[in-house]
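with the input below, show me the fold.
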Amino acid sequence: MPMILVVSGTGTEIGKTVVTAAVAAAARDRRVAVLKPAQTGLAPGEPGDAAEVARLAGSQVTAVELARFPEPLAPATAARRAGLAPVRPFEVAEAAQKLATEHDLVLVEGAGGLLVRFDDEGGTLADAARLLSAPVLVVAPAGLGTLNATALTAEALRNRGLSCRGVVIGSMPADPDLASRCNIEDLPVAAGAPLLGAVPAGAGALPGADFAAGAARWLAPELGGSWAPGRR
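Numbers count the residues shown, from 1 in each chain. Below you'll find the predicted structure:
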């Protein structure tokens, strides 16, 4: 049965795209699609996050981008300033459901955090997840400050009746500081959900073949990998 998994985060620039790519790469024996509802901050023709997932995970991944806005802002603001139609949660849900008819796994990568607005009516990635009845994978930073942001994101999911699939650290330092080491144990408590992996810092700069080969080592068995807490 096809699975739709929404990938969100506790903020921006924390590794959502590389985590999405790792999940796609770990599902190498399945038909995978990645859906980016709103790409901001790029001109037409520049490779976006969906294309980057395909580069890292392999060309067999279907990459779909619903809308693109040139300024690096929240989707609703970027659409308004560009004079373009925003993306609506129901459009995200419809696109994901269509992809699910031809793929085994559909990954929906959000922009910024869970409650960043897609439109001026307040539609968010959480609304799209609700329409899809899809679980949400939360990407979080490794270091100091991540526990509060992760707890708030998990609380927002619970308050909307959404399931938190787990948490993945989006950029784990090669030499983690004290806070990052402690957060390996504390993040699952903050989220009320399991820690399902830690992608090493700099992984996104790897050649696609090397990234795809390493992805399973960075993710827990629940996401198709072999990672376990204490192993990097």
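
list phi and psi for the residue located most distally from the centre of the chain.
Here the chain reaches farthest from its C-alpha mean at Gly83, the gap being 27.0 Å by Cα atoms, centre = their mean. The phi/psi pair for Gly83 (degrees, to the nearest 10) reads phi 70, psi 30.

equivalent analysis for Leu137, please.
phi -100, psi 130.

ok, and the closest non-adjacent residue to it?
The spatial neighbour of Leu137 that comes closest, neighbours along the chain excluded (Cβ to Cβ, 6 or more residues apart in numbering), is Arg165 at 4.6 Å. C-beta coordinates here come from the backbone N, C-alpha and C atoms, glycine included.

name the helix or strand for that neighbour, please.
Assigned by DSSP states H and E, Arg165 falls within strand 164-172.

neighbouring strands for that strand, and are they parallel or not?
Taking DSSP bridges as the criterion, strand 164-172 forms sheet pairs with strand 136-140 (parallel), strand 195-200 (parallel).

just checking, next helix/strand downstream of that strand?
According to DSSP H and E, the helix or strand after strand 164-172 is helix 178-191.

which strands or helices does that next one pack on?
Using 3 or more Cβ pairs under 8 Å, 6 or more residues apart in numbering; DSSP states H and E as the contact test, the elements touching helix 178-191 are strand 136-140, helix 146-159, strand 164-172, strand 195-200.

related to what we said a few turns ago, against Leu66, how distant is the residue farthest from the centre of the chain?
Counting by Cβ to Cβ, to the nearest Å, the gap from Gly83 to Leu66 is 17 Å.

how close does the nearest residue to Gln97 once chain neighbours are set aside sit to Met3?
Closest residue to Gln97 apart from its sequence neighbours, by Cβ to Cβ, 6+ apart: Leu132 at 7.1 Å. To Met3, Leu132 is 11 Å away according to Cβ to Cβ.

look at these two and report which has more neighbours.
Leu132 (21 against 14; other Cβ atoms under 10 Å).

ok, that one - contacts?
Neighbouring residues of Leu132 by Cβ atoms under 8 Å, 6 or more residues apart in numbering: Ile4, Val6, Ala93, Ala96, Gln97, Val108.

rerun that using 7 Å as the cut-off
The contact partners of Leu132, taken as Cβ atoms under 7 Å, 6 or more residues apart in numbering, are Ile4, Ala93, Ala96.

try Arg130
Arg160, Leu162.

give me the angle between the strand or helix carrying it and strand 136-140.
Assigned by DSSP H and E, Arg130 falls within helix 125-132. Helix 125-132 and strand 136-140 are oriented at 160 degrees to each other (axes from the mean of the first three to the mean of the last three Cα atoms, to 10 degrees).

distance between helix 125-132 and the chain's centre?
Helix 125-132 sits 14 Å away from the centroid of its parent chain (Cα atoms, centre = their mean, to the nearest Å).

same question for it, mean pLDDT?
Helix 125-132 shows a mean pLDDT of 98.

between it and helix 146-159, how big is the angle?
Using the same axes, to 10 degrees: helix 125-132 against helix 146-159 is 40 degrees.
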